[in-house]
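*Asks:* What would the 3D arrangement of this be:
(chains A and B)
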Amino acid sequence: MNIPEERLMAFVDGELGPTEQEAVAAAMAEDPALTARIESMRRLRRLIAAAHREVLEEPPPSHLLAGLGERGDVVDLAEARARLRGPVPWRAIGGMAACLAIGLLIGRAPTERRPSPLLATRGGDIIAGGVLAEALDKQLASTQRDEAVKIGISFRARNGRYCRTFTVRSGLAGLACRESDAWVAQTTASTSGGVAPSGPYAMAASDLPPPVATAVDAMISGAALDARGEAQAKARGWRD
Amino acid sequence: MDTFETEIVALLPRLRRFGRSITRTVDDADDLVQIAVERALARRRQWRVGTRLDAWLFTIMKNAWIDQTRARGRRGQVVESDAGTGVWQVADRSQPSADSHLTARAAEQALASLPEDQRIAVALVLVEGLSYAEAAAVLHIPQGTLTSRLVRGRAALGARLLEEANP
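*Replies:* Down below sits the predicted model:
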């Protein structure tokens, strides 16, 4: 029986469906020459599969590890507090959510080789950077589509600052308010599931993780901005 | 490190192995892995959680290698002389016997002597253990194209290696 090479190869590689596989196996039983061909292919497969195998046992060289882990060291809350000078703005942050935020996003000086972190420490504050800062500056909830950062509501706080809620696709939600030159995170929390709802005003305050919703309630003056109010605030650079 | 980065670290040995299969020198292999890891970190939002991270990384490595060979002007060239002179300067620490050392080296050199398309296909399927469907997806080619590259590659490897095993 003359089975084409591709079929034998698929047999040896385990790529045939059960019926075809049985057919080849049955043919082997009747045909010593076929068996020899298959044994030869199996031997070749074993030889090639062993190529460069020794590298699997080596610990990777440090220059390969250098890009990993530096960007997002997971530290616990106590260590993060110790690193920040001055009062720590950790209102209403659950321990686990804070660890998530810190683990993903504690920033150091950005270099060309890495994107800007979404959140970075500066003095006693946590400020938005990278695509998060861009979204807070420029993105409107009324016209956003499927960006990685989703804006929720925008409002004026009791202290006169503009504040906006956000969710990041990787599973972080938060509230940030515009200070003189940066968006300062007031609170952050992890979102479960990680998929933000779509639509312009999809993130009503009730959809926010509890710590963020609590912070909104504590700070909001009046009602959330509507589409026009949002556009006007953006045009003014989120200042008075 | 978060999960994504932890998983990449766990995959580094396999990435280094794939790098050696396709680049043919240890230094080029690790350089390629480094470039691929940087690109993966920069593009992490493009990876869908729950899909095969190794296949995604192999794709990035393959594309980075093609960029490099294009830049060097060596695309498609079979560098037979490299394969013949034992380009693998790896110190052999772990071989249990002289025989298996020799056959591993012979396999590596035979792999290095294949034309690039066949070499990458064989590396993905026979060395890294991807299925035909997974390897075809990494290479962005139809499965039929993949299997014909595998058939040609194995024919060349068999002629070289199995003859030596059966003098």
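*Asks:* Can you show me the CA trace of the longest helix seen in chain A as CSV?
*Replies:* Criterion DSSP state H: the longest helix present in chain A is helix A:32-49. Below are the C-alpha coordinates for helix A:32-49, written out as CSV (Å, rounded to 0.1, in the frame of the first residue of the first chain):
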residue,chain,number,x,y,z
PRO,A,32,6.9,-4.3,6.8
ALA,A,33,8.2,-1.8,4.3
LEU,A,34,5.7,0.8,5.5
THR,A,35,6.6,0.1,9.1
ALA,A,36,10.3,0.7,8.2
ARG,A,37,9.4,4.0,6.6
ILE,A,38,7.5,5.1,9.7
GLU,A,39,10.2,4.0,12.0
SER,A,40,12.7,6.0,10.0
MET,A,41,10.5,9.1,10.3
ARG,A,42,10.1,8.6,14.0
ARG,A,43,13.9,8.3,14.5
LEU,A,44,14.4,11.5,12.5
ARG,A,45,11.8,13.2,14.6
ARG,A,46,13.5,12.2,17.8
LEU,A,47,16.9,13.4,16.5
ILE,A,48,15.5,16.8,15.5
ALA,A,49,13.5,17.2,18.7
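*Asks:* which strands and helices sit next to it?
*Replies:* Counting contacts by 3 or more Cβ pairs under 8 Å, 6 or more residues apart in numbering or on different chains; DSSP states H and E, helix A:32-49 packs against helix A:5-12, helix A:18-30, helix B:98-112, helix B:143-165. Using the backbone N, CA and C atoms, a C-beta is placed for each residue, glycine as well.
*Asks:* between those helices, which gets the lowest average pLDDT?
*Replies:* Mean pLDDT is lowest for helix B:98-112 among the helices and strands packed on helix A:32-49, at a mean of 83.
*Asks:* Can you mark which positions in that one are buried?
*Replies:* Within helix B:98-112, the residues that count as buried by 16 or more other Cβ atoms under 10 Å in any protein chain shown are B:103-112.
*Asks:* Alpha carbons of the next helix or strand after it, in PDB - could you do that?
*Replies:* Using DSSP states H and E, the helix or strand that follows helix B:98-112 towards the C-terminus is helix B:116-122. Extracted as PDB, the C-alpha positions of helix B:116-122 are listed here (Å, rounded to 0.1, in the frame of the first residue of the first chain):
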ATOM      1  CA  GLU B 116      15.000  29.500   6.100                       C
ATOM      2  CA  ASP B 117      11.400  28.700   5.400                       C
ATOM      3  CA  GLN B 118      12.000  25.000   6.000                       C
ATOM      4  CA  ARG B 119      14.200  25.600   9.000                       C
ATOM      5  CA  ILE B 120      11.600  27.800  10.800                       C
ATOM      6  CA  ALA B 121       8.800  25.300  10.000                       C
ATOM      7  CA  VAL B 122      10.800  22.400  11.300                       C
END
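*Asks:* So what touches helix B:116-122?
*Replies:* A:48, B:21-22, B:62, B:65, B:69, B:75-76, B:111-112, B:114, B:135, B:139, B:146, B:149-150, B:152-154, B:156-157 (Cβ atoms under 8 Å, 6 or more residues apart in numbering or on different chains).
*Asks:* same thing but 7 Å
*Replies:* A:48, B:21-22, B:62, B:76, B:111, B:114, B:135, B:139, B:146, B:149-150, B:152-153 (Cβ atoms under 7 Å, 6 or more residues apart in numbering or on different chains).
*Asks:* For those residues, give me JSON lines that also has distance to B:P13.
*Replies:* Formatted as JSON lines, the contacts of helix B:116-122 follow (distance: Cβ to Cβ, whole Å):
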{"residue": "A:I48", "distance to B:P13": "18"}
{"residue": "B:S21", "distance to B:P13": "13"}
{"residue": "B:I22", "distance to B:P13": "15"}
{"residue": "B:K62", "distance to B:P13": "18"}
{"residue": "B:G76", "distance to B:P13": "29"}
{"residue": "B:L111", "distance to B:P13": "18"}
{"residue": "B:L114", "distance to B:P13": "23"}
{"residue": "B:A135", "distance to B:P13": "19"}
{"residue": "B:L139", "distance to B:P13": "22"}
{"residue": "B:L146", "distance to B:P13": "25"}
{"residue": "B:R149", "distance to B:P13": "25"}
{"residue": "B:L150", "distance to B:P13": "24"}
{"residue": "B:R152", "distance to B:P13": "29"}
{"residue": "B:G153", "distance to B:P13": "23"}
